[in-house]
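One predicted model, sequence on top.
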Amino acid sequence: MIIEGSRVLVTGGNRGIGEAFVRAFLAAGAARVYVGARTIANAQHLVGEAADRVVPITLDVTDAAQVAAAAQRCDDVNILVNNAGQFSMRRLVDAPDMSGARAEIEVNYLGPLAMCRAFAPVLARSERSAIVNVLSAAALVAVPGMGGYSPSKFAARAMSTCIRAELAGQNTSVTALIVGSVDTRMASHVKGLKESPATIAAAGLKAIEKGADEVDTDYMAVEVRANLALDPKAQEAHMRRSLSGERVTSERR
C-alpha cells in the first residue's frame, strides 16, 4: 500500500489515537481523510488544518443506519481504520448489570465487524486496500480488572483473522494493531511508561505499507506478548492483581 494519495476513514478520529492517525495520514499525503465521530462538532478542530482534505462525518459504529450512510458517502475509501473503542470500567460478575459488557462488545467487536462488512465492497474497488483494527494487549492476555474489555478485544482479534482470510482475494490487507500503554484518557489506569498516540499511528501506517497481519506497537505490547510466551500462568496471575485495584503494568513482580 502507498499512503500518499489514499482516501481514508478513521472511526473515533476526533481525539487520542484516532486523531493521531488523522494527522499522520495528512502528513503522509493522504488525499482525503474522513473523520468519524459520534458528534461531528468534536472533529471540527481538524478541519482548519487541512480543510480541503479533512471531512468530518457523524458516525456511531453501533448504529447500523449511520454505518450504512458512511459507506454510501465515503465511497472512495481504500483504507479503513477501526479505532473507536469503549472501556466501561466494570467487572464481569460484580457489575450491577451487563450493560457495560454489552457496550464493550457492541463498540469493540460488533462495531468494527459492521464497518468491515459495509466497507468491503468499497475497498474492493481499489487495486489494493487496507483495514486496520486498533486492538490492545488485552487481546493477548485477559485483564480481569478491565471486565468485558479483554473479551471484546479477544473477539476483535479473532475477527481480524477471519476477515483477513475472507478479503484476501480482493487484495485487502487486514492488520490487527496490538496497543499497550498509550497516553490517552482510556489508559489513565495504566502505570509506567506510556507511548504517545503519534507513536501508535506511525506504527499503524508502517503496518499498512507492509501489509502486516499483526503488529505490537509499543513497549508494553511487546512485553506482554513475551511474558505470555515465557510463562502463561505467571502472566495470568500478574494480570489478576488488577482485581485488587492495582494499576496495570507490563512488568511482572
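Yep, it's here. Residues are numbered from 1 along each chain as shown.

Count the residues that sit near Ala30.
Neighbours of Ala30 under the rule other Cβ atoms under 10 Å: 22. Placement of C-beta: from N, CA and C, glycine included.

repeat for Gln44
Residue neighbour count, defined by other Cβ under 10 Å, stands at 14 for Gln44.

and if you look at Arg117?
Other residues lying near Arg117 total 13 when counted by other Cβ under 10 Å.

so it is in which element?
Arg117 is located in helix 111-123, with elements delineated by DSSP states H and E.

Can you list the buried residues in that helix?
Judged by neighbour count (16 or more other Cβ atoms under 10 Å), helix 111-123 contains these buried residues: Gly111, Pro112, Leu113, Ala114, Met115, Cys116, Ala118, Phe119, Ala120, Val122, Leu123.

Chain neighbours aside, what residue packs nearest to the second one?
If the residues on either side of it in the chain are set aside, Pro112 comes closest to Asn82, at 3.8 Å by Cβ to Cβ, 6 or more residues apart in numbering.

Show me where the stretch 101-250 of the chain has its strands.
With DSSP state E, counting those that start in this stretch, the ranges of strands along the stretch 101-250 of the chain come out as 129-134, 172-178, 214-216.

so where is the chain shaky, pLDDT-wise?
49, 183-194, 244-253 (pLDDT under 70).

So which residues of it form helices?
When secondary structure is read from DSSP state H, the chain shows helices at 16-27, 64-73, 99-105, 111-123, 149-167, 197-210, 219-230, 232-240.

contacting residues for the spatially most central residue of the chain?
The geometric centre of the chain, computed from its C-alpha atoms, lies nearest to Val134 (Cα atoms, centre = their mean), at 2.0 Å. Neighbouring residues of Val134 by Cβ atoms under 8 Å, 6 or more residues apart in numbering: Ile17, Val81, Asn82, Asn83, Gly85, Leu177, Val179, Ile200, Gly204.

now swap in Thr199 and tell me
Under the criterion of Cβ under 8 Å, 6+ apart, the contact list for Thr199 reads Val182, Thr217, Asp218.

coming back round to it: can you give the contact residues for the helix holding Arg117?
Defining contact as Cβ under 8 Å, 6+ apart, one finds that helix 111-123 is touched by 9, 11, 61-62, 64, 67-68, 70-71, 74-78, 80, 82, 84, 129-131, 133, 156, 159, 163, 166-167, 170, 172, 174.

Can you give me the neighbour number for Ala156?
Using other Cβ under 10 Å, the number of residues around Ala156 comes to 24.

same question, Ala27
The number of residues packed around Ala27, counting by other Cβ under 10 Å, is 14.

same check, this time on Asn14
Using other Cβ under 10 Å: Asn14 sits among 23 other residues.

Let me know whether it touches Ala43 as I believe.
Yes. Under the criterion of Cβ atoms under 8 Å, Asn14 is in contact with Ala43, at a separation of 4.2 Å.

who touches both of the two?
Val35, Ala37, Pro56.

ok, so what distance separates the last one from Met220?
Applying Cβ to Cβ, to the nearest Å, one obtains 31 Å for the distance of Pro56 from Met220.

re earlier: residue contacts, the residue nearest to Pro112?
Neighbouring residues of Asn82 by Cβ under 8 Å, 6+ apart: Thr11, Val61, Gly111, Pro112, Met115, Cys116, Ile131, Val132, Asn133, Val134.

Out of those, which is nearest to Val143?
Val134 (16.8 Å; Cβ to Cβ).

hang on, the earlier thing: got the buried residues of helix 111-123 as a markdown table, with distance to Ala234 columns?
Supplementary listing: the buried residues of helix 111-123 in a markdown table, determined by distance: Cβ to Cβ, whole Å:
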| residue | distance to Ala234 |
| --- | --- |
| Gly111 | 33 |
| Pro112 | 31 |
| Leu113 | 33 |
| Ala114 | 37 |
| Met115 | 36 |
| Cys116 | 35 |
| Ala118 | 42 |
| Phe119 | 40 |
| Ala120 | 40 |
| Val122 | 45 |
| Leu123 | 41 |
